[in-house]
Structures are given as C-alpha cells and as structure tokens.
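> Could you look at this predicted model? Sequence included:
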Protein chains: 2
Amino acid sequence: MIDGMTDTAGAARDPDTVSRFVEHFAAQLVEAGMPRMPARVFAALLASDSGTLTSAELGEQLKISPAAVSGAVRYLAQVHLVSREREPGSRRERYRVRNDQWYEALTNREAIIKRWEDALREGVVSLGPDTPAGRRLTETLAFFEFLEGELDTLMDRWRVRRDELFGPG
Amino acid sequence: MIDGMTDTAGAARDPDTVSRFVEHFAAQLVEAGMPRMPARVFAALLASDSGTLTSAELGEQLKISPAAVSGAVRYLAQVHLVSREREPGSRRERYRVRNDQWYEALTNREAIIKRWEDALREGVVSLGPDTPAGRRLTETLAFFEFLEGELDTLMDRWRVRRDELFGPG
DNA sequence: CCTTAACTTCACAAATTTCTGAAGTAAGCG
DNA sequence: CGCTTACTTCAGAAATTTGTGAAGTTAAGG
C-alpha cells in the first residue's frame, strides 16, 4: 500500500486520476459542441461521489475563478443538466447532477427540434409545396415530427431497461 | 400576376424569399452548434430544386469567397451531410444533399457516442466501480449503449413510415 | 505541353468568444 | 443594523475562431 492512499473498497480518489478523467470526458463534450467551462464543471460533478459540489469546490478543483463557475453553472442549469440547491441555513449553494436528469436533458432537444420544424414549414410555403425543393423540405419535416414522437417512447423503454439492469429506483 | 414572376406550379423562386429561408434555417443550425458557413451552405443546398449546387453558385448566392465554400463543404462532407460529385468531363464539382443521407447523418453521431463510452469506461476504472461516482458512470454508460441500439431500429421504423407517407423509393 | 479553369491551402486580419479581476448584491450572523 | 461570506455581474484582456485574398495544385482542353 502506497503512502497517502486511502484503502477504500474501490480505487482511491487520487486527485490526478480524477482530474484526468474529468478533463478527458469534458473534452468529448466540447467536441460535441458544449462550451469548455460548462463541460468541465459537468464532468467534475459526474465524477463526484455525492453528485453535488459547491461553487468553491468546483473553483478549486478546476482552477477557475468564481465568475467562471457562475457562468458555467448558469449554462448547465439552462439546459437542465444540473440543478441548483440552496443549502438550508447557509448562503452556500450546491450544484447537483441527478442520474436521470442528464439523459432527459439530452433528449430534451425538443425545443430545438420544434424551431427547426417551424423553419421548415415556413420554407415549404416559401419555396412552394409542389416544387422539388418544397417536397424535400416536407420530407425532412416529416422526419422531425416522427423523431419527436419516438423520443418519448424511447425514454420509456430506457426506464424499463434501467430497472432491469440496476433494479427499481 | 406581378411582373418578373414566373408562373410555375409552385411559388416563384424569388431570390429574396429563398434567401430568407436559407438564412433562417441556417440560424437554427448554428444555434444547435453547427459553424456558420457550413450551416448556410447546407441550407442553400436543401433549398435548391436539384439538391446540387456548384462551388461558384454557392459563392454567388451566399456572397462568400471560394475559400469559405471550400471550408464549409469539407466540414459537411466530413459529417456526411453532403456528398461531392465530379461532373464528368469537367473540373467543376457538384455538392449534393440527398434526401435520406441528411437524417442518417443526424443519427450517425455514433462515432461521438462511441468516444463518450470509451471515456466513461475509463472513468469507471479510475474512480472504482464500487464507488458512488463509479456507479453513476456505469449507469450513464448503460444508457449510451442502450441508445446506440435504439438508433438503428429507429431508422428502420422511419423508412417504413416514410414509405407510408410518400410511397416507396 | 502550355493555358486556363476550378478548387484548395495558407497566412493574416477581423470578429467573436472566453475567462478573469473587481465591483456589486444578497443573505446569514452577531 | 452592520459585518462578512458567497455568489453574480460587468468591463476588458487574451485567446480562439472565422473568413478573406493570394498563391498553389490539379486536371481539362487546345
């Protein structure tokens, strides 16, 4: 046993090891389009045992200013990837990632899909429904409408699957 | 009938009207994370009757340089949203959006999902599978694996639905 | 094989985004 | 009621991204 490692059931939470995962996973999120700071904050929360961290803890762990934490958390709350909780009897705030909310958020691109649909409907009218371009937009629109319906039932199936794998919740 | 409008079956392709749709739809794509020029080029292709445009046509319509067209098209080809075709017996190239390839590409985030999964697997090992954080990552990983399988069958169902709506082939 | 057309690559200028320090605001605590 | 702590907002510096002009590359056509 190496000095300084705690002998828990799992691996020790070596800060360097944790940090490496956090940065690696954050990099994937960035590649998928998420801004850097939100990605890092989100990854840090994912990697925390409690699933919650305070602003100060995030700032220290990621070596970023309170302002950066504030901005990142606002972004994440807006897209429903984290929730903010006030610690009762304290002005300290805790940011939490819940196991389910994070994939809910992923499928909740619904607002975005809705706006795509609106733009496409406008396009069908503008270009004329009987033109080749109009027909292409009509088909694209139909696909998004189909997708919207599928996402709901997909999440239902996931919950069933999750209960199979990990037991009801 | 207004002067200058051609009396086709659909609406006339008034350049301003087309442009308004192109820019509006492109804006939605940008909001969803696509870089500006690729979004505009893609929207222009979607709105074209033939589904194909040359570099020169794109440059003129969108008022951008050949270099910008080149960069945008490279991006779009990389994510499989357009294909490039060489006009036989000419050094002119045509960029095409096919009706199906575009939603295939949307679901073909598979490469991205795969890398997320890799990062998560690494994380489970790093943090320890029996820690709360490790269990959270395990569940997240299971969700992505589930999603991967669902996407295939979802596309199958779409093709059936499309044939219902628009007829086969 | 030389000319020319069409696209690509490169270096740089411009615009945008990102992150910080500093000042501001709100809320617990004495 | 004022002090202090914790977060937020704001202005600006720094870094990144974006799009252009210009030079480079490839291939058709005489």
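Great, that's in hand. Numbering: from 1, shown residues only, chains lettered A, B, ... in the order given.
> Could you list the single helix or strand in chain A with the lowest mean pLDDT?
Sorting the helices and strands of chain A by mean pLDDT, DSSP states H and E puts helix A:101-107 at the bottom, at a mean of 77.
> Roughly how far does the most far-flung residue of chain A relative to its centre sit from B:Asp163?
Computed with CA atoms, centre = their mean, the maximum C-alpha offset from the centroid of chain A is found at A:Asp130, amounting to 40.4 Å. From A:Asp130 over to B:Asp163 the distance is 21 Å, taken as CB to CB, to the nearest Å. Every residue, glycine included, has its C-beta placed from N, CA and C.
> What of A:Arg36?
44 Å.
> Comparing the two, which residue is more hemmed in?
For A:Arg36 versus B:Asp163, neighbours defined as other CB atoms under 10 Å in any protein chain shown are more numerous around A:Arg36 (14 against 11).
> hmm, back to that, report the secondary structure element holding the residue farthest from the centre of chain A.
Secondary structure assignment for A:Asp130, by DSSP states H and E: no helix or strand.
> Tell me where chain A has strands.
Taking DSSP state E as the test, the strands found in chain A are A:52-54, A:83-86, A:93-96.
> Looking at these, which is nearest to B:Thr17?
Closest to B:Thr17 of the strands of chain A, according to CB to CB: strand A:83-86, at 43.9 Å.
> Residues in contact with that closest one: which ones?
Residues outside strand A:83-86 that contact it (CB atoms under 8 Å, 6 or more residues apart in numbering or on different chains) are A:52, A:73, A:77, A:93-96, A:98, A:101.
> OK, contacts around A:Tyr103?
A:155, A:158, B:140, B:143.
> scratch that, A:Arg94
A:Arg94 neighbours (CB under 8 Å, 6+ apart): A:52-54, A:84-87.
> Filter those residues down to the buried ones, ChimeraX style.
Here is the ChimeraX command that selects only those of these that count as buried (16 or more other CB atoms under 10 Å in any protein chain shown):
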select /A:52,53
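> Mind splitting chain A into its structural domains?
Chain A breaks down into these domains under automatic domain parsing: A:15-97, A:109-166.
> okay if I get those domains as CSV plus distance to DNA strand C and mean pLDDT?
Formatted as CSV, those follow (distance: least, CB to the nearest atom of the strand, whole Å; pLDDT from 0 to 100):
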stretch, distance to DNA strand C, mean pLDDT
domain A:15-97, 3, 93
domain A:109-166, 17, 93
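> Would you convert those into CSV that also reports distance to B:Leu46?
Converted to CSV, the domains of chain A look like this (distance: least, CB to CB, whole Å):
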stretch, distance to B:Leu46
domain A:15-97, 21
domain A:109-166, 6
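> Residue for residue, what is the longest helix chain A has?
helix A:132-166 (DSSP state H).
> Tell me the buried residues in it?
A:133-143, A:146-147, A:150-151, A:154, A:158, A:161-162.
> swap in stretch A:76-92?
Quick answer for stretch A:76-92 (16+ other CB under 10 Å): A:76, A:81-82.
> Quick one: residues contacting the residue nearest the centre of chain A.
The structure's chain A has its C-alpha centroid closest to A:Leu81; by CA atoms, centre = their mean the separation is 4.3 Å. Counting by CB under 8 Å, 6+ apart, A:Leu81 makes contact with A:38, A:42, A:97, A:101-102, A:105.
> Could you identify the pair within these that is furthest apart?
A:Pro38 and A:Gln101 (14.9 Å).
> So which of the two has more stuff around it?
The neighbour count for A:Pro38 versus A:Gln101, taken as other CB under 10 Å, is higher for A:Pro38 (24 against 15).
> May I ask you to confirm that the more buried one is in contact with A:Val69?
No. Using CB atoms under 8 Å as the test, A:Pro38 is too far from A:Val69 to be in contact (10.3 Å).
> Any chance you could give me stretch A:74-88 in CSV, C-alpha atoms only?
Extracted in CSV, the C-alpha atoms of stretch A:74-88 (Å, rounded to 0.1, in the frame of the first residue of the first chain):
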residue,chain,number,x,y,z
ARG,A,74,-25.9,29.1,-15.4
TYR,A,75,-25.4,27.5,-18.7
LEU,A,76,-25.9,24.0,-17.3
ALA,A,77,-29.0,24.9,-15.4
GLN,A,78,-30.5,26.4,-18.5
VAL,A,79,-30.1,23.2,-20.5
HIS,A,80,-31.3,21.2,-17.4
LEU,A,81,-28.1,19.3,-16.9
VAL,A,82,-27.7,20.4,-13.3
SER,A,83,-30.0,21.7,-10.7
ARG,A,84,-29.1,24.2,-8.1
GLU,A,85,-29.9,23.7,-4.5
ARG,A,86,-29.6,26.1,-1.6
GLU,A,87,-28.1,24.6,1.5
PRO,A,88,-30.6,25.4,4.2
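> Thanks a lot, catch you later.
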